[in-house]
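# Predicted model follows, preceded by the sequence.
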Amino acid sequence: MSEGIIVTNNQLIKVIDDALPEDLFAQALKDIQTEKLSATLGSINPIFDGFASRGPAREGFDPESKWRKELFQVLTTNSGIDVKQFYWRSTIYASGSGISWHLDQGDGRSYAFNYYCIDTWDIDWGGELLYLNKPVSTRQGLSEGALSSAGSELQLIYPRPNRLALIYPGCAHRVTPVSKRAGDHYRSTWTGFAF
Ligand SMILES: [Fe+2]
(Lines give C-alpha, C1' and ligand atoms only; values in the text may rest on other atoms or scores of the structure.)
Protein backbone atom coordinates (compact mmCIF):
# COMPACT_ATOMS: atom_id res chain seq x y z
CA MET A 1 0.00 0.00 0.00
CA SER A 2 1.44 3.35 -1.02
CA GLU A 3 1.19 6.36 1.24
CA GLY A 4 0.88 9.20 -1.23
CA ILE A 5 1.13 12.84 -0.23
CA ILE A 6 -2.07 14.71 0.52
CA VAL A 7 -1.65 18.19 -0.95
CA THR A 8 -5.24 19.42 -0.69
CA ASN A 9 -7.94 18.17 1.61
CA ASN A 10 -11.23 19.87 2.25
CA GLN A 11 -14.88 18.93 2.12
CA LEU A 12 -15.00 19.44 -1.67
CA ILE A 13 -11.79 18.02 -2.98
CA LYS A 14 -8.87 15.87 -1.96
CA VAL A 15 -5.65 15.73 -3.96
CA ILE A 16 -3.03 13.05 -3.46
CA ASP A 17 0.36 13.21 -5.14
CA ASP A 18 2.52 10.17 -5.82
CA ALA A 19 -0.72 8.26 -5.42
CA LEU A 20 0.73 4.97 -6.64
CA PRO A 21 4.26 3.60 -6.24
CA GLU A 22 6.44 4.40 -9.28
CA ASP A 23 6.29 0.93 -10.82
CA LEU A 24 2.49 0.82 -10.64
CA PHE A 25 2.18 4.34 -12.00
CA ALA A 26 4.37 3.22 -14.93
CA GLN A 27 1.92 0.36 -15.63
CA ALA A 28 -1.10 2.69 -15.43
CA LEU A 29 0.66 5.04 -17.86
CA LYS A 30 1.48 2.21 -20.25
CA ASP A 31 -2.11 0.95 -20.13
CA ILE A 32 -3.61 4.34 -20.90
CA GLN A 33 -1.29 4.74 -23.87
CA THR A 34 -2.57 1.52 -25.39
CA GLU A 35 -6.30 2.10 -24.82
CA LYS A 36 -8.65 1.62 -27.74
CA LEU A 37 -10.17 5.08 -27.86
CA SER A 38 -13.28 6.47 -29.40
CA ALA A 39 -13.87 10.19 -29.68
CA THR A 40 -17.12 11.68 -28.46
CA LEU A 41 -18.17 15.28 -28.07
CA GLY A 42 -18.01 16.52 -24.49
CA SER A 43 -21.11 15.68 -22.45
CA ILE A 44 -21.45 19.05 -20.69
CA ASN A 45 -21.23 21.35 -23.69
CA PRO A 46 -20.95 19.39 -26.94
CA ILE A 47 -20.53 22.55 -28.98
CA PHE A 48 -17.68 24.19 -27.13
CA ASP A 49 -15.94 21.50 -25.10
CA GLY A 50 -14.41 19.71 -28.06
CA PHE A 51 -13.81 16.00 -28.34
CA ALA A 52 -13.02 13.72 -25.44
CA SER A 53 -11.35 10.46 -26.39
CA ARG A 54 -12.44 7.65 -24.13
CA GLY A 55 -11.53 4.04 -23.67
CA PRO A 56 -14.04 1.31 -22.88
CA ALA A 57 -16.33 1.79 -19.87
CA ARG A 58 -15.26 -0.33 -16.91
CA GLU A 59 -16.97 -1.52 -13.78
CA GLY A 60 -14.97 -2.30 -10.65
CA PHE A 61 -11.23 -2.89 -10.58
CA ASP A 62 -9.71 -6.03 -12.03
CA PRO A 63 -7.82 -7.62 -9.09
CA GLU A 64 -5.45 -9.24 -11.63
CA SER A 65 -4.01 -5.80 -12.36
CA LYS A 66 -1.74 -4.60 -9.56
CA TRP A 67 -2.11 -0.91 -10.31
CA ARG A 68 -5.90 -1.09 -10.55
CA LYS A 69 -6.14 -2.97 -7.30
CA GLU A 70 -3.88 -0.42 -5.65
CA LEU A 71 -5.84 2.52 -7.06
CA PHE A 72 -9.03 0.99 -5.65
CA GLN A 73 -7.36 0.73 -2.24
CA VAL A 74 -6.01 4.28 -2.35
CA LEU A 75 -9.47 5.59 -3.25
CA THR A 76 -11.18 3.58 -0.55
CA THR A 77 -8.67 4.54 2.14
CA ASN A 78 -8.61 8.23 1.26
CA SER A 79 -12.26 8.88 0.54
CA GLY A 80 -13.42 7.69 3.92
CA ILE A 81 -16.55 6.52 2.11
CA ASP A 82 -17.56 2.91 1.68
CA VAL A 83 -18.82 2.55 -1.85
CA LYS A 84 -20.50 -0.32 -3.65
CA GLN A 85 -19.02 0.12 -7.06
CA PHE A 86 -16.71 2.13 -9.32
CA TYR A 87 -17.51 2.99 -12.91
CA TRP A 88 -14.51 4.34 -14.73
CA ARG A 89 -12.62 4.68 -18.01
CA SER A 90 -9.77 6.55 -19.64
CA THR A 91 -10.50 10.11 -20.72
CA ILE A 92 -8.09 11.96 -22.93
CA TYR A 93 -8.18 15.60 -23.97
CA ALA A 94 -6.02 16.82 -26.81
CA SER A 95 -5.30 20.45 -27.61
CA GLY A 96 -8.54 22.49 -27.76
CA SER A 97 -10.59 20.15 -25.55
CA GLY A 98 -11.77 20.72 -22.00
CA ILE A 99 -15.02 20.63 -20.08
CA SER A 100 -17.33 23.47 -19.03
CA TRP A 101 -18.40 24.22 -15.46
CA HIS A 102 -20.51 21.45 -13.97
CA LEU A 103 -21.43 19.45 -10.89
CA ASP A 104 -20.99 15.68 -10.97
CA GLN A 105 -23.39 14.88 -8.17
CA GLY A 106 -26.68 13.06 -8.54
CA ASP A 107 -27.70 9.56 -9.60
CA GLY A 108 -26.31 8.18 -6.33
CA ARG A 109 -22.71 9.19 -6.98
CA SER A 110 -20.56 9.40 -3.86
CA TYR A 111 -17.63 11.14 -5.53
CA ALA A 112 -15.74 11.46 -8.80
CA PHE A 113 -12.04 10.90 -9.35
CA ASN A 114 -9.33 11.85 -11.81
CA TYR A 115 -6.04 9.98 -11.84
CA TYR A 116 -3.51 11.78 -14.03
CA CYS A 117 -1.52 9.45 -16.22
CA ILE A 118 0.81 11.72 -18.12
CA ASP A 119 4.57 11.52 -18.26
CA THR A 120 5.06 15.27 -18.02
CA TRP A 121 3.09 18.52 -17.99
CA ASP A 122 3.93 22.18 -18.43
CA ILE A 123 2.10 24.95 -16.55
CA ASP A 124 1.33 26.66 -19.88
CA TRP A 125 -0.37 23.65 -21.45
CA GLY A 126 -3.82 24.27 -19.91
CA GLY A 127 -6.00 21.37 -18.85
CA GLU A 128 -6.20 22.58 -15.23
CA LEU A 129 -9.02 21.44 -12.98
CA LEU A 130 -10.58 24.69 -11.82
CA TYR A 131 -13.02 24.54 -8.93
CA LEU A 132 -15.10 26.81 -6.73
CA ASN A 133 -14.00 26.32 -3.16
CA LYS A 134 -17.49 26.89 -1.80
CA PRO A 135 -20.19 24.22 -1.86
CA VAL A 136 -22.95 24.71 -4.40
CA SER A 137 -25.76 22.45 -5.49
CA THR A 138 -27.23 24.10 -8.56
CA ARG A 139 -26.11 25.76 -11.74
CA GLN A 140 -27.47 29.05 -10.46
CA GLY A 141 -25.66 28.69 -7.15
CA LEU A 142 -22.48 27.96 -9.07
CA SER A 143 -22.92 31.00 -11.28
CA GLU A 144 -23.64 33.32 -8.35
CA GLY A 145 -20.78 31.88 -6.31
CA ALA A 146 -18.26 32.12 -9.14
CA LEU A 147 -19.26 35.57 -10.36
CA SER A 148 -19.34 37.09 -6.88
CA SER A 149 -16.00 35.58 -5.95
CA ALA A 150 -13.10 38.00 -5.84
CA GLY A 151 -10.91 35.15 -6.96
CA SER A 152 -9.79 33.55 -3.74
CA GLU A 153 -12.54 30.94 -3.95
CA LEU A 154 -11.44 29.84 -7.40
CA GLN A 155 -8.75 27.25 -7.04
CA LEU A 156 -6.92 25.18 -9.59
CA ILE A 157 -5.19 21.87 -9.75
CA TYR A 158 -2.61 21.24 -12.42
CA PRO A 159 -2.35 17.99 -14.25
CA ARG A 160 0.68 16.32 -12.69
CA PRO A 161 1.97 12.80 -13.27
CA ASN A 162 0.69 10.31 -10.69
CA ARG A 163 -1.72 12.80 -9.10
CA LEU A 164 -5.14 11.68 -7.91
CA ALA A 165 -8.03 14.08 -7.31
CA LEU A 166 -11.23 13.09 -5.50
CA ILE A 167 -14.12 15.43 -6.23
CA TYR A 168 -17.01 15.37 -3.76
CA PRO A 169 -20.64 16.44 -4.26
CA GLY A 170 -21.01 20.21 -4.02
CA CYS A 171 -17.73 20.82 -5.83
CA ALA A 172 -18.42 22.74 -9.04
CA HIS A 173 -15.54 22.40 -11.45
CA ARG A 174 -14.32 22.65 -15.01
CA VAL A 175 -11.29 21.58 -17.01
CA THR A 176 -9.75 24.45 -18.91
CA PRO A 177 -9.08 23.64 -22.56
CA VAL A 178 -5.73 22.08 -23.31
CA SER A 179 -3.57 24.71 -24.99
CA LYS A 180 -2.14 24.56 -28.49
CA ARG A 181 1.17 24.81 -26.72
CA ALA A 182 0.70 21.26 -25.43
CA GLY A 183 1.29 20.06 -29.01
CA ASP A 184 0.94 16.31 -29.05
CA HIS A 185 0.92 15.99 -25.27
CA TYR A 186 -2.51 14.84 -24.21
CA ARG A 187 -4.19 15.32 -20.86
CA SER A 188 -4.73 11.65 -20.05
CA THR A 189 -6.61 10.54 -16.97
CA TRP A 190 -8.36 7.50 -15.58
CA THR A 191 -11.66 9.00 -14.62
CA GLY A 192 -14.61 7.59 -12.78
CA PHE A 193 -17.41 7.73 -10.29
CA ALA A 194 -17.84 5.89 -7.03
CA PHE A 195 -21.38 4.78 -6.21
FE1 LIG B 1 -16.65 16.47 -13.46
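Okay, I see it.

# Can you give the strand pairings for the helix or strand residue 100 falls within, parallel or anti for each?
Under the criterion of DSSP states H and E, residue 100 resides in strand 99-102. Sheet pairing here is set by DSSP bridges, and for strand 99-102 it gives strand 173-175 (antiparallel).

# still on that earlier bit, centre of the chain versus the strand holding residue 100, how much separation?
Averaging C-alpha positions (Cα atoms, centre = their mean, to the nearest Å) puts strand 99-102 12 Å from its chain's average.

# Counting neighbours, which bits of it end up buried?
Judged by neighbour count using 16 or more other Cβ atoms under 10 Å, the buried positions of strand 99-102 are 99, 101, 102. Any C-beta I mention is one placed from the backbone N, CA and C, and that applies to glycine too.

# Let me know the closest of the residues you listed to residue 118.
Set against residue 118, the nearest of the buried residues of strand 99-102 by Cβ to Cβ is residue 99 (16.7 Å).

# so who does that closest one touch?
Taking Cβ atoms under 8 Å, 6 or more residues apart in numbering, we find residue 99 in contact with 42, 44, 45, 49, 52, 93, 174, 175.

# How many residues are close by the third one?
Other residues near residue 45 number 15, with proximity taken as other Cβ atoms under 10 Å.

# State the distance from it to residue 136.
Distance, residue 45 to residue 136, by Cβ to Cβ, to the nearest Å: 18 Å.

# before we move on, what about the second one?
Note on residue 44: its distance to residue 136, by Cβ to Cβ, is 15 Å.

# The residue nearest to the spatial centre of the chain bridge partners, please.
By Cα atoms, centre = their mean, the chain has its centre lying nearest to residue 114, at 2.4 Å. With DSSP bridges as the criterion, residue 114 is bridged to residue 165, residue 191.

# for the longest helix along the chain, packing partners?
Counting by DSSP state H, the longest helix found in the chain is helix 66-79. When contacts are defined as 3 or more Cβ pairs under 8 Å, 6 or more residues apart in numbering; DSSP states H and E, helix 66-79 sits against strand 13-17, helix 22-33, strand 111-116, strand 164-167, strand 187-194.

# need those in JSON lines with distance to residue 86, can you?
As requested, the helices and strands packed on helix 66-79 are exported to JSON lines (distance: least, Cβ to Cβ, whole Å):
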{"stretch": "strand 13-17", "distance to residue 86": "16"}
{"stretch": "helix 22-33", "distance to residue 86": "15"}
{"stretch": "strand 111-116", "distance to residue 86": "8"}
{"stretch": "strand 164-167", "distance to residue 86": "12"}
{"stretch": "strand 187-194", "distance to residue 86": "5"}
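
# Next, format the ones you listed as CSV and append distance to residue 62 and mean pLDDT.
Shown next, in CSV, are the helices and strands packed on helix 66-79 (distance: least, Cβ to Cβ, whole Å; pLDDT from 0 to 100):
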stretch, distance to residue 62, mean pLDDT
strand 13-17, 21, 98
helix 22-33, 11, 97
strand 111-116, 15, 97
strand 164-167, 18, 98
strand 187-194, 13, 97
